[in-house]
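Chemist: Model the structure of this input:
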Amino acid sequence: MNIASIIEGHPDEHVAIVSRNRETTYATLRDQVARLRGGRAAIGVGAGDRVALLCGNGRFFVEAYLAVAGLGAVTVPLNPTSPAPEIEREIVTVAAKVVLVDPVAAQAWTAVDRARVPTVEHVVATEPGTQGAAFADSTFAELVTAEPLGVVDVDEDTLAALIFTSGTAGSPRAAMLSHGNLLGNLNQSRSAAGELYPEDVIYGVLPLFHIFGLNVVLGTGLQRGATVVLVQRFDPSTAIDTIRDRKISVIFGAPPLWLSFSQFDEAPADSFSGVRLALTGAARMPEDAIRRLKDRFGIELAEGYGLTEASPVVTSSAGQEIRPGSVGKAVQGLQVRIVDEQGEDVLVGDTGEIWVKGPNVFMGYLDDPQQTARVLTADGWLRTGDIALADEDGYLYLVDRAKDLIIVSGFNVYPAEVEEILAEHPAVHEVGVVGVPHPHTGEAVKAFVVPADGKSVDEDTLIDWCQDHLARYKCPSKILFVDVLPRNVNGKLLRVALN
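Modeler: Here you go, the predicted structure:
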């Protein structure tokens, strides 16, 4: 067993990925990955070592991911647009030994103080011309000149990836996903994600550092022998061209992508005529936008539900009856319960917390047994923190979500993380953060700040401060200054009173 084996057995000449208009066949991909595996081994990467990928959607990410996994090492996909302080924190958390940096991340990486990431022994630049490539110890091209190495067989509970998430446990933590977790969910998804076929061409704009992009778009696509068209940035006009020119048949996307399409009046009515499977997830999709997509383009948009800790797919309505407001049924091989506060099953139609159990449920949070115990029961049930109800046919309807969670363009943001960064500014006494509706991203981050005594600070200064320390999607788009924050008698912040 090894997640890297998903590219084995497909026809040599069939195109596996398209990146920057360059097609890579399965034969070439297998050869490149095997040689990169040999190069990684040559620089001391072995079983259990953590390799951080600071890469956008492209062939470098794909080849590195499969090469690292094939060695029995651990992939740590990171947001390549994150600022240096966030990159430093994450690399320290996972104790990465090697870092792969592409041009998107080069500027941020050059601002990283190597003394702050002492576990990093080797840095690889994906391209010789990468800005500031002097930071690197070697290049991608140098590593793939090595002798090829085969895939190492591993146990199902061998750690394959560390994915940073705010899903169920507050501030970001590294979720531990095993080879069995990832492969298990790929196999489970055959029942509900709408089966994929080798002739399918998948639109791959979801970021690969996110579990939706990594294991649904890339993992499912490559396991089925399909073609994945990797896209670095999204804009609806260019996307329509790509969908037409590349004969895209499958689109997985978070709600902001579908919202953009639904509002793109210039697009021809037949823009999606070749698309047979359209799926959304990561956040709730507005029903009026779903109707517009159907009326305008004939798109039958299916919804699904998942989370990083479940690798990620839990339910999907793809390939089934699409019921308005429902995220579909549980995938095969996965147990789903709706429980009350005492952990007892609720009656059909009553609301409760979603609990999940199956081979796709993660191993826990890295070096955090306390938070792991909060979300995993002794007998293996994952407490998602999300509230839903189920009808008599087993279709789930999301009602609420994990407490305090903000979802921006499908990405999870926990207020505690943003509050911590803002509180470090010398002019901030205390701060409260909430999510507010946004027409394009679903939600946006809004902060309420009590200035420190005798200090003066403005909104732009604090927003810039956040952008220096956090990924852009986590940063507040609006900051209001207040004299006091609302708290209850125990001193707990009342977020519901912030508006």
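
Chemist: from here on, contacts and neighbour counts on C-alpha atoms
Modeler: OK.

Chemist: What distance do you get for the residue nearest to residue 204 when sequence neighbours are not counted to residue 371?
Modeler: Leaving out its chain neighbours, the residue that sits closest to residue 204 by CA to CA, 6 or more residues apart in numbering is residue 230, at 4.6 Å. Distance of residue 230 to residue 371, computed by CA to CA, to the nearest Å: 35 Å.

Chemist: swap in residue 268?
Modeler: For residue 268, the distance to residue 371 - CA to CA - is 49 Å.

Chemist: Check which helices and strands the lengthiest helix in the chain sits against.
Modeler: In the chain, taking DSSP state H as the definition, the longest helix is helix 26-42. Secondary-structure packing of helix 26-42 (3 or more CA pairs under 8 Å, 6 or more residues apart in numbering; DSSP states H and E): strand 15-19, helix 59-70, helix 140-143.

Chemist: one more time with 10 Å, if that's ok
Modeler: Where contact means 3 or more CA pairs under 10 Å, 6 or more residues apart in numbering; DSSP states H and E, helix 26-42 is packed against strand 15-19, strand 22-25, helix 59-70, helix 140-143.

Chemist: and the angle for it with strand 15-19?
Modeler: Angle, helix 26-42 to strand 15-19, by axes from the mean of the first three to the mean of the last three CA atoms, to 10 degrees: 70 degrees.

Chemist: Enumerate the positions of helix 26-42 that are buried.
Modeler: Buried residues in helix 26-42, defined by neighbour count with 16 or more other CA atoms under 10 Å: 26-41.

Chemist: next one: stretch 75-94
Modeler: 75-88, 90-92, 94.

Chemist: Equivalent analysis for stretch 410-425, please.
Modeler: 410-419, 421-423, 425.

Chemist: chain center to the longest helix of the chain: distance?
Modeler: In terms of CA atoms, centre = their mean, to the nearest Å, the centre of helix 26-42 is found 25 Å from the chain centre.

Chemist: again with stretch 223-240
Modeler: That offset, for stretch 223-240, works out to 16 Å (CA atoms, centre = their mean).

Chemist: next one: stretch 451-463
Modeler: 33 Å.

Chemist: Just the CA coordinates for that stretch, please, in CSV.
Modeler: Provided in CSV are the C-alpha atoms of stretch 451-463 (Å, rounded to 0.1, in the frame of the first residue of the first chain):
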residue,chain,number,x,y,z
PRO,A,451,-6.6,50.1,21.2
ALA,A,452,-4.0,50.0,24.0
ASP,A,453,-3.9,53.0,26.4
GLY,A,454,-2.1,55.9,24.9
LYS,A,455,-1.6,54.2,21.6
SER,A,456,-2.8,55.4,18.2
VAL,A,457,-3.3,53.0,15.3
ASP,A,458,-5.4,53.0,12.1
GLU,A,459,-7.2,50.3,10.1
ASP,A,460,-4.7,50.1,7.2
THR,A,461,-1.8,49.6,9.6
LEU,A,462,-3.4,46.6,11.3
ILE,A,463,-4.5,45.1,8.0
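
Chemist: List of residues touching it?
Modeler: 421-423, 425-431, 447, 449, 465-468, 472, 475-484 (CA atoms under 10 Å, 6 or more residues apart in numbering).

Chemist: tell me the mean pLDDT over it?
Modeler: Stretch 451-463 comes out with an average pLDDT of 92.

Chemist: got the buried residues for that stretch?
Modeler: Result for stretch 451-463 [16+ other CA under 10 Å]: buried residues 451, 459, 462-463.

Chemist: which sections of the protein are below the confidence cut-off?
Modeler: For the chain, the stretches flagged by pLDDT under 70 are 129-133, 166-171, 191-194, 400-403, 488-492.

Chemist: domains for it, by residue range?
Modeler: 3-154, 181-400, 406-497 (automatic domain parsing).

Chemist: wait, which of those is closest to residue 172?
Modeler: Nearest of those to residue 172, taken as CA to CA: domain 406-497 at 7.3 Å.
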